[in-house]
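A.B. asks: Provided below for reference: sequence and predicted model.
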There are 2 protein chains.
Amino acid sequence: MNKPELEKRGPWTILSERLGYENPWMTVREFDVLRPDGSPGLYGVMEPRNLAIGVLPVFDNGDTLLVGQYRFALDAYSWELPEGGGPHGVDPLVSARRELEEETGCTAQNWRKLLELDVSNSISSERAFCFLAWGLNEGQSDRESSEADMITHRLPVHAAIAMAMSGKIRDSLTVIMLLTAAEKARSGVLNPALSRLILSDRS
Amino acid sequence: MNKPELEKRGPWTILSERLGYENPWMTVREFDVLRPDGSPGLYGVMEPRNLAIGVLPVFDNGDTLLVGQYRFALDAYSWELPEGGGPHGVDPLVSARRELEEETGCTAQNWRKLLELDVSNSISSERAFCFLAWGLNEGQSDRESSEADMITHRLPVHAAIAMAMSGKIRDSLTVIMLLTAAEKARSGVLNPALSRLILSDRS
């Protein structure tokens, strides 16, 4: 008789799995595993229900827009680029357009994917999609009840990068989006007009 | 009679809390809250037991060292700078020294904090400490049983940045450490000799 085939994840083998916890925003799954060296172990993975979505908006004068809010999970005030959750199965660009408009009121004529990321690597499966948005039109924000304290701060991209480098911005996606946009602008990957906006006034 | 004072987190009020899940690496805490607009809600937070620790090692010729391993939580192969968990209450630099030596066998004469980060912002309280290490001496690695498949890849810092920009590196801490080091080297924050190594051979 054949034994049922065990599920593999690369060099890991899953012996059994069960639900550890769930709420509308996350599932924690618990696995009995064989580790890459064959030894038995336990692995718990926090699986967010949403993709992380981030947007770097660039105004026609080289400004961007930070949002400030108190983050419950971090128990700290946080300045970030517009970010939010996008359901799996929905085009991340659609979620990005919605998130930018909800949080800032802005719509954008031009969008470009900046990068995809694995947000954490050991006990969370969170994945992120980051976008550049330019050709902005300002409108009215429409924030969620968890965002009632949110405020915005418009400043040059290079000033936001300086905030990240000095530790005033601590949010990982925000730091990555700012530095990646500058790196891609410098290396000629982005269109020249957008690159000039991103790099304008840099000392 | 006075009502007992409710715990606040900025504009959030905690009405009650309970344990949702725990294993040796994480706790999930579930809160009944009043949101910033006063409406009632539920908030679950995944609290890792460890700090995230990352190291950007820089060799005397401008190379760095990536480690490659299959990440169970992501169900994907991942190229990253040396990273691991450091217990709360232990100096993050001590954890960084240990992690670099365990994963790569390298010790370093010089260490400098690169930045602190909030890894995620909505349902995880994970925090990260990132370091630059240079003046490297190579030795013997001593990996954990979950790292039996780990391999290393030595390459110039600028080549690692190119891997990040093209999507071949997806780990957020790795992308941040590479770009932050280059940004700080360009802006004159780091010592000149180290800056030249980080920026060497850049096109």
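C.D. replies: Looks like it came in fine. Residues are numbered from 1 along each chain as shown, chains lettered A, B, ... in the order given.
A.B. asks: The helix ranked longest in chain A vs chain B: in contact?
C.D. replies: In chain A, assigned by DSSP state H, the helix with the most residues is helix A:172-186. Yes. In terms of CB under 8 Å from any CB of the partner chain, part of helix A:172-186 sits within range of chain B, namely A:172-173, A:175-176, A:179-180, A:182-184. (C-beta placed from N, C-alpha, C; glycine too.)
A.B. asks: Just the CA trace of that helix, in PDB.
C.D. replies: Taking only C-alpha atoms (Å, rounded to 0.1, in the frame of the first residue of the first chain), the coordinates of helix A:172-186 have been written out as PDB:
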ATOM      1  CA  SER A 172       9.300  49.700   5.800                       C
ATOM      2  CA  LEU A 173       7.100  50.000   2.700                       C
ATOM      3  CA  THR A 174       7.400  53.800   2.800                       C
ATOM      4  CA  VAL A 175      11.200  53.700   3.100                       C
ATOM      5  CA  ILE A 176      11.400  51.200   0.200                       C
ATOM      6  CA  MET A 177       9.100  53.100  -2.100                       C
ATOM      7  CA  LEU A 178      11.000  56.400  -1.600                       C
ATOM      8  CA  LEU A 179      14.400  54.900  -2.100                       C
ATOM      9  CA  THR A 180      13.400  52.600  -5.000                       C
ATOM     10  CA  ALA A 181      11.800  55.500  -6.900                       C
ATOM     11  CA  ALA A 182      15.000  57.600  -6.500                       C
ATOM     12  CA  GLU A 183      17.200  54.600  -7.500                       C
ATOM     13  CA  LYS A 184      15.100  53.900 -10.600                       C
ATOM     14  CA  ALA A 185      15.000  57.600 -11.500                       C
ATOM     15  CA  ARG A 186      18.800  57.800 -11.200                       C
END
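A.B. asks: Quick check: mean pLDDT of it?
C.D. replies: Looking at helix A:172-186 alone, the average pLDDT works out to 98.
A.B. asks: One more: stretch A:47-55?
C.D. replies: The predicted model assigns stretch A:47-55 a mean pLDDT of 98.
A.B. asks: In that stretch, which residues are buried?
C.D. replies: Buried residues in stretch A:47-55, defined by neighbour count with 16 or more other CB atoms under 10 Å in any protein chain shown: A:48, A:50-55.
A.B. asks: quick one: stretch A:127-141 to chain centroid distance?
C.D. replies: Here the centre of stretch A:127-141 is set off from its chain's centre by 13 Å, with CA atoms, centre = their mean, to the nearest Å.
A.B. asks: Tell me the one among the buried residues of stretch A:47-55 nearest to B:I14.
C.D. replies: A:P48 (21.7 Å; CB to CB).
A.B. asks: so does the helix or strand hosting A:D32 get close to chain B?
C.D. replies: Remark: A:D32 resides in strand A:26-34, with elements defined by DSSP states H and E. Yes. Strand A:26-34 reaches chain B (CB under 8 Å from any CB) through A:26, A:28, A:30-31, A:33.
A.B. asks: how about the helices in chain A?
C.D. replies: Using DSSP H, the helices found in chain A span residues A:92-104, A:157-165, A:172-186, A:192-199.
A.B. asks: Show me which of those has the highest average neighbour count.
C.D. replies: Per-stretch averages of neighbours, counted by mean count of other CB atoms under 10 Å in any protein chain shown, single out helix A:172-186 among the helices of chain A, with a mean of 24.
A.B. asks: what angle separates that helix from helix A:192-199?
C.D. replies: Between the axes of helix A:172-186 and helix A:192-199, defined by axes from the mean of the first three to the mean of the last three CA atoms, to 10 degrees, the angle is 130 degrees.
A.B. asks: residue ranges with poor pLDDT in chain A?
C.D. replies: Residues of chain A meeting the criterion pLDDT under 70: A:1-3, A:202-203.
A.B. asks: domain parsing for it?
C.D. replies: A:7-48, A:50-199 (automatic domain parsing).
A.B. asks: winner for burial among the ones you listed?
C.D. replies: Highest mean neighbour count among the domains of chain A (mean count of other CB under 10 Å): domain A:50-199, a mean of 19.
A.B. asks: got the end-to-end distance for that domain?
C.D. replies: In terms of CA to CA, to the nearest Å, the two terminal residues of domain A:50-199 are separated by 32 Å.
A.B. asks: hmm, back to that, could you export the domains of chain A as JSON lines, including distance to B:G44?
C.D. replies: Listed next are those as JSON lines, based on distance: least, CB to CB, whole Å:
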{"stretch": "domain A:7-48", "distance to B:G44": "4"}
{"stretch": "domain A:50-199", "distance to B:G44": "9"}
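A.B. asks: I'd like to know which of those is closest to B:D37.
C.D. replies: Of all the domains of chain A, it is domain A:50-199 that lies closest to B:D37, at 3.7 Å by CB to CB.
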